[in-house]
Every structure is written in C-alpha cells, then in structure tokens.
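Q: Predicted model and sequence below, questions to follow.
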Amino acid sequence: MIIFGSRTRDALVGVLFFACTLCGSTAAQRLHRLRTWFTLFFLPVFPFGHGRYVLQCAYCGGQSSMPREGAERFIADSERAQQAHLAQETLPPTGA
C-alpha cells in the first residue's frame, strides 16, 4: 500500500513595520510563503511550482496576496532593516 497526497507548508520570510492597507494601523506586516508539496507516506518529497506569497497584518490579521516581484522587494527591505537594527545594537560594557 502506497500513501501519497499533498500538503501546503507555510514559511515566514520577512517582517516590516508599516501601515496596513486593510485597517490603516501601523503594525508588523508579515510575509509568508505558501508552497504545496507532494507527500509520500506523509513526508514532503518535492514542491509544486514557486508557491505564493501572502502579507498578513499583525494587528488585524487581515491577509492579502502579493506578487512575486513585490515579495522579493519586501524580503530585501526586511533584510536591510534587520541589518540596520543589528548595527545599532550595542554590546554591554566589559568590566575589568
């Protein structure tokens, strides 16, 4: 007996803070990548296509789909913001 099927997996790929287009609140906007995988005996084997991107507001929970080009820009901006945040962090003073 062979058990096969498909499963959609969700991965968080980036977070930025800006005004939500649905509720208007400034909050974290999370970008998720959803991909459907072929499964064999409940184990993911290979993905179907490139998947799709969904933007979700942390305040209202509203979701909207995002095209691939916009998602790539969002990911690049998110990585730049993360690097800027890490550059601003200071290390605790070392005591002698």
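A: Noted; the coordinates are in hand.
Q: mind listing the helices for the protein?
A: For the chain, the helices defined by DSSP state H cover 68-88.
Q: how about the strands in it?
A: For the chain, strands defined by DSSP state E occupy the ranges 4-19, 26-40, 43-57, 63-66.
Q: Tabulate these (a markdown table), appending mean pLDDT, distance to residue 87 and mean neighbour count.
A: The C-beta positions use only the backbone N, C-alpha and C, and glycine is treated the same way. Output for those, formatted as a markdown table (pLDDT from 0 to 100; distance: least, CB to CB, whole Å; neighbours: other CB atoms under 10 Å):
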| stretch | mean pLDDT | distance to residue 87 | mean neighbour count |
| --- | --- | --- | --- |
| strand 4-19 | 92 | 17 | 12 |
| strand 26-40 | 94 | 20 | 16 |
| strand 43-57 | 91 | 26 | 14 |
| strand 63-66 | 94 | 27 | 14 |
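Q: possible to save the ones you listed as CSV with distance to residue 79?
A: CSV is the format used below for the strands of the chain (distance: least, CB to CB, whole Å):
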stretch, distance to residue 79
strand 4-19, 7
strand 26-40, 12
strand 43-57, 15
strand 63-66, 16
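Q: So which of those strands is nearest residue 83?
A: strand 4-19 (12.7 Å; CB to CB).
Q: what number of residues lie near the nearest residue to residue 25 once chain neighbours are set aside?
A: Closest residue in space to residue 25, ignoring its immediate chain neighbours: residue 59 at 4.5 Å, by CB to CB, 6 or more residues apart in numbering. When neighbours are counted by other CB atoms under 10 Å, residue 59 registers 14.
Q: For residue 59, give me its contacts.
A: The contact partners of residue 59, by CB atoms under 8 Å, 6 or more residues apart in numbering, come to 20, 23, 25, 27, 28.
Q: which one is the second one nearest to, not counting chain neighbours?
A: Counting by CB to CB, 6+ apart, residue 60 is the residue found nearest to residue 23 once chain neighbours are left out, at 4.0 Å.
Q: per-residue confidence at that neighbour?
A: As predicted, residue 60 sits at a pLDDT of 94.
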